[in-house]
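[1] Return atomic coordinates for the entry below.
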Amino acid sequence: MNKAQLAAAVAKKLGGTKKDAEKAVGAVFESIEESLLQGEKVGLVGFGTFDVRTRAERQGRNPRTMEPIEIPAAKVPFFRPGRALKEKIAGGK
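    As a prediction, the model looks like this:
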């Protein structure tokens, strides 16, 4: 499911317009992004938690030449699903 399909599903569930649902979905994603950029966690009870983690510098290899390279440290977004979401998926509901 992509963003447009998600907006269409939200519009269908709420009985509103697709345009309004696209605005709402976009606003949710922007709010999550802004919070993560400020270093805050975003926890949605029953769904999961969005967070930013720091990946340490590490040694890698150039696949073409097989020479060792240093891969710099990086901040990466991370999602940890909540218990309710895990249970729904595991149960196939």
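
[2] part of a helix, is residue 19?
    Yes - under DSSP: H, G, I helix; E, B strand; the rest coil, residue 19 sits within a helix.

[3] what about the most centrally placed residue in the chain, which SS state?
    Residue closest to the mean C-alpha point of the chain, counted by C-alpha atoms, centre = their mean, is residue 79 at 5.7 Å. Under three-state DSSP, the three-state class of residue 79 is strand.

[4] Could you measure from it over to residue 65?
    In this structure, residue 79 and residue 65 are 34 Å apart, going by C-beta to C-beta, to the nearest Å. C-beta here means a position set from N, CA and C on the backbone, and glycine is covered the same way.

[5] What is the burial count for the nearest residue to residue 74 once chain neighbours are set aside?
    Spatially, and ignoring its direct neighbours in sequence, residue 74 is nearest to residue 55 (5.0 Å; C-beta to C-beta, 6 or more residues apart in numbering). Residue 55: 12 surrounding residues under other C-beta atoms under 10 Å.

[6] swap in residue 21?
    20.

[7] List the contacts of it.
    7, 8, 10, 11, 14 (C-beta atoms under 8 Å, 6 or more residues apart in numbering).

[8] Now it. Nearest residue, chain neighbours left out?
    Sequence neighbours aside, residue 11 is the residue nearest to residue 21 in space, at 3.7 Å (criterion: C-beta to C-beta, 6+ apart).

[9] and what of residue 3?
    Excluding its sequence neighbours, the residue lying closest to residue 3 (C-beta to C-beta, 6+ apart) is residue 25, at 6.4 Å.
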